[in-house]
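A.B. asks: Based on what follows, work out the 3D shape:
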Amino acid sequence: MNYRLLGRTALRVSEIGLGTMVHAGHFGPMDDRESLAAIEAAMELGVNFIDTSDAYGAGKSEALLGQALRGRREQVILATKGGTTMVGPHRGKRDYSPPYISRVLEESLRRLQTDYVDLYQLHNPPLEVIERGEVFDLLDKRREEGKIRFYGVSVNRDEVALASIRSGKVDVIQIEYSILDQTAARQVFPLAQAAGVGVIARVPLRRGLLTGKFTPEDEDRFNEEDVRVRHFPGERFQRELVKVELCRFLLKGPIHSLAQAALAFCLAHPAVSTTIAGARNAHQMRENAAASGVRLSQDHLRRLRELWERDFRVPMLYVLRRGDTDRFRTFQERLEKPGLARVMWDRRIGERRTLHKGVMPERRGGDRRGPLLSTWATFGFVAVPQG
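C.D. replies: Residues are numbered from 1 along each chain as shown. I've put the predicted structure just below:
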């Protein structure tokens, strides 16, 4: 496991961290024994940064983590969050008033079975909370008391991240960043680097999609408590799967899974100190941890950036390689959904045609100008969302 400094905190964190939202059942039912095994595996593999929140299962993830860390608290850098409610009758309620944050911090410490946390984060605060700044006075007091070592914010919106960094108060920013959402790299990361603010890359696997293991049929098994129901409504789930398919060119050399490539992408940005993916069990934790030290080539990073900038709408995105006939047919069948177009791109003459179900091109090319073109190579294939 490789380690990096978390901004100006001087905390040395594992570049692969563990996020514990999954352990509360927000991605489907969980077995506590599997959750505890994932935490155990993380520690064995050198993962020393673990992130949780009082919102995850109304404290369930914190309680499990407290149980797992009993007697070895000093072996991890522990981060939690407060201010928002994700389950129960008050779901969606947010409160960042000093009295409320003071109370929920104490409750978090009890569940975690510790008298301090290394990092306390406001959980998705709105811009006005950052601008008022009164909650920072409370956090400064709790730091003086030794109940927190550093504090930061976990945010959904760039404007809140930027305001938090400019306030000069926060030590760390946690924000979503992945192959499929590179927005934070535009403004947030450069400003954080200049200010010495640590960056935690959240949702690096796009809520599991960048494992490459999902099919359109998986949407039917998400229950109403699964966060993917609201993050990928309607046809959005299908469109995201198309984007994932177009990233499979990353699977070569030392990269053994799309998940590892996705984590390596996050770590390629110099502003990122650690990236936190969830792990349902020990096997997933081992696969995530294996991404430490994996590096993507500059060419691959450039291609991923260009794909994202064009919203994955460019010609010749999915190339049918020799021996992939069955894979392409399977992929084509997956895309027989309303709102998705099947497109064929002839590289030689630049002609775009609609590809009909069950039809495979007979023409074979012999272009050998490079590894991307050393295929059957007159035709490439791409599936893109309409509109």
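A.B. asks: Going by C-alpha atoms from here, please, whenever you check contacts or count neighbours.
C.D. replies: Noted.
A.B. asks: What does the pLDDT read for V229?
C.D. replies: pLDDT for V229: 58.
A.B. asks: my bad, F27
C.D. replies: Reading off the model, F27 has pLDDT 58.
A.B. asks: same check, this time on V47
C.D. replies: Looking at V47, the pLDDT reads 96.
A.B. asks: How is R286 assigned, secondary-structure-wise?
C.D. replies: The three-state assignment at R286 reads helix, by DSSP: H, G, I helix; E, B strand; the rest coil.
A.B. asks: Number of residues surrounding it?
C.D. replies: 16 (other CA atoms under 10 Å).
A.B. asks: residues in contact with R202?
C.D. replies: Residues near R202 by CA atoms under 8 Å, 6 or more residues apart in numbering: 174-178, 275-277.
A.B. asks: Show the backbone phi and psi for it.
C.D. replies: Dihedral pair for R202: phi -100, psi 160, per degrees, to the nearest 10.
A.B. asks: Distance check, it against E144.
C.D. replies: The gap separating R202 from E144 is 28 Å, by CA to CA, to the nearest Å.
A.B. asks: for the contacts of R202, which one is nearest Q113?
C.D. replies: I276 (22.1 Å; CA to CA).
A.B. asks: now what about stretch 166-180, what contacts it?
C.D. replies: Outside stretch 166-180, the residues touching it (CA under 8 Å, 6+ apart) are 6-9, 130-131, 136, 150-156, 161, 164-165, 183-184, 192, 196-206, 243, 262-263, 265-266, 304-305, 308.
A.B. asks: List the buried residues of it.
C.D. replies: 169-180 (16 or more other CA atoms under 10 Å).
A.B. asks: what's the span of it, first residue to last?
C.D. replies: Stretch 166-180 end-to-end distance (CA to CA) = 27 Å.
A.B. asks: pLDDT averaged over it - what is it?
C.D. replies: 96.
A.B. asks: Identify the residues contacting Q260.
C.D. replies: Q260 neighbours (CA under 8 Å, 6+ apart): 287-288, 290-291, 294.
A.B. asks: I meant to write L65 there.
C.D. replies: 36, 39, 112.
A.B. asks: which one of those residues is nearest D299?
C.D. replies: I39 (34.8 Å).
A.B. asks: for the closest residue to that closest one other than its chain neighbours, what are its contacts?
C.D. replies: Among residues not flanking I39 along the chain, A68 sits closest, at 7.0 Å (CA to CA, 6 or more residues apart in numbering). Residues in contact with A68, defined by CA under 8 Å, 6+ apart, are 36, 39-40.
A.B. asks: Can you add distance to F214, secondary structure and neighbour count and give the residues you listed back as TSV?
C.D. replies: Output for the contacts of A68, formatted as TSV (distance: CA to CA, whole Å; DSSP: H, G, I helix; E, B strand; the rest coil; neighbours: other CA atoms under 10 Å):
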residue	distance to F214	secondary structure	neighbour count
L36	25	helix	20
I39	24	helix	26
E40	27	helix	17
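A.B. asks: where along the stretch 201-350 of the chain do the helices fall?
C.D. replies: 228-231, 236-245, 258-267, 282-289, 298-309, 325-334 (DSSP state H, counting those that start in this stretch).
A.B. asks: Those: which one's closest to V76?
C.D. replies: Here helix 282-289 is closest among those (CA to CA), at 15.3 Å.
A.B. asks: Next, the buried residues of stretch 54-73.
C.D. replies: Neighbour-count burial for stretch 54-73 flags 54-66, 68-69, 73 (criterion: 16+ other CA under 10 Å).
A.B. asks: For that stretch, list the C-alpha coordinates in CSV.
C.D. replies: Written as CSV, here are the backbone C-alpha positions of stretch 54-73 (Å, rounded to 0.1, in the frame of the first residue of the first chain):
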residue,chain,number,x,y,z
ASP,A,54,-23.7,9.2,11.4
ALA,A,55,-26.1,9.3,8.4
TYR,A,56,-25.2,5.8,7.2
GLY,A,57,-28.0,3.6,8.5
ALA,A,58,-28.7,6.2,11.3
GLY,A,59,-25.3,5.4,12.9
LYS,A,60,-25.1,1.7,12.0
SER,A,61,-21.9,2.0,10.0
GLU,A,62,-20.3,3.9,12.8
ALA,A,63,-21.3,1.3,15.3
LEU,A,64,-19.9,-1.6,13.2
LEU,A,65,-16.7,0.3,12.7
GLY,A,66,-16.4,0.9,16.5
GLN,A,67,-16.9,-2.8,17.0
ALA,A,68,-14.2,-3.7,14.4
LEU,A,69,-11.7,-1.2,15.8
ARG,A,70,-12.0,-2.1,19.5
GLY,A,71,-8.5,-2.4,20.9
ARG,A,72,-6.8,-1.1,17.9
ARG,A,73,-8.1,2.4,17.3
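A.B. asks: Quick one: low-confidence residue ranges for the stretch 151-300 of the chain.
C.D. replies: Flagging of the stretch 151-300 of the chain using pLDDT under 70 yields the residue ranges 216-234.
A.B. asks: Out of the contacts of Q260, which end up buried?
C.D. replies: For the contacts of Q260, buried by 16+ other CA under 10 Å: 288, 290-291, 294.
A.B. asks: ok, D181 touching R310?
C.D. replies: No - the pair D181 and R310 does not pass the contact test of CA atoms under 8 Å, sitting 12.0 Å apart.
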